[in-house]
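Visitor: Take a look and give me a structure for this.
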Amino acid sequence: MRGVQLRKMTQAVQLSLRAAIGATVSLAIAELLSLKHPLYAFMAAVFVTDLEPSLTRQLGVRRMVATVVGTVIGAILSAWLPAGVWSVGAGIMLAMLVCHFLGTGDGAKVAGYICGIIMLHHSAEPWSYAWFRFIETALGVAVAWSISFVPKLLGVEEATQA
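Guide: Predicted structure coming up:
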């Protein structure tokens, strides 16, 4: 029982450390580059970070697909529809459905809220916001991917044996 608790604590510390480092590095780079919304860089790093490199890569791909779907649909619909309750709802629904049809249903909510944000608050310059949102998210995902290649500080087996 004690070994299981130690293993869980070790995993929690390592995951938290990886996410914190990823967020910090992403935010520092985004601010250095004077990106408009650096918070999306660190959010992406935190959301896609996992102890397993393969899962970090999968989560990163899903996050990027959802970001592209949400930004493109939001920007396109902003040109055709006025910013309002019904058009935002329609945009969210469309973005989420597209994610499901693309096989990235896990990212559907992300695509929906990005689309809604663009339509509601960035309809005057939707493509500018979409571009920066893509770049900032890609930065966070790239940093998380990079960190996923760093070996774990303490292996799960070592924590169990201790």
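
Visitor: Buried by neighbour count: which residues of the longest helix along the chain qualify?
Guide: For the chain, the longest helix by residue count, based on DSSP state H, is helix 2-32. By 16 or more other CB atoms under 10 Å, the buried positions in helix 2-32 come out as 6-7, 10, 14, 18-19, 21-23, 25-27, 29-30. Where C-beta positions appear, they are placed from N, C-alpha and C, glycine not excepted.

Visitor: Rebuild those as a markdown table, extending it with pLDDT.
Guide: Listed next are the buried residues of helix 2-32 as a markdown table, based on pLDDT from 0 to 100:
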| residue | pLDDT |
| --- | --- |
| Leu6 | 83 |
| Arg7 | 83 |
| Thr10 | 86 |
| Gln14 | 91 |
| Arg18 | 94 |
| Ala19 | 96 |
| Ile21 | 96 |
| Gly22 | 96 |
| Ala23 | 97 |
| Val25 | 97 |
| Ser26 | 97 |
| Leu27 | 97 |
| Ile29 | 97 |
| Ala30 | 97 |
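
Visitor: So which of those is the closest to Val150?
Guide: Set against Val150, the nearest of the buried residues of helix 2-32 by CB to CB is Arg18 (7.7 Å).

Visitor: ok, the residue nearest the centre of the chain to Met9 distance?
Guide: Centroid-nearest residue in the chain, with CA atoms, centre = their mean: Ala44, separated by 3.2 Å. In this view, Ala44 and Met9 are 26 Å apart by CB to CB, to the nearest Å.

Visitor: In contact with the closest residue to Ile21 other than its chain neighbours, which residues are there?
Guide: Distance criterion CB to CB, 6 or more residues apart in numbering; nearest residue to Ile21, sequence neighbours excluded, is Ile147 at 6.1 Å. Counting by CB atoms under 8 Å, 6 or more residues apart in numbering, Ile147 touches Arg18, Ile21, Gly22, Val25, Thr49, Thr56.

Visitor: all helices of this protein, in order?
Guide: Using DSSP H, helices in the chain cover 2-32, 39-48, 53-80, 85-101, 108-121, 126-148, 156-161.
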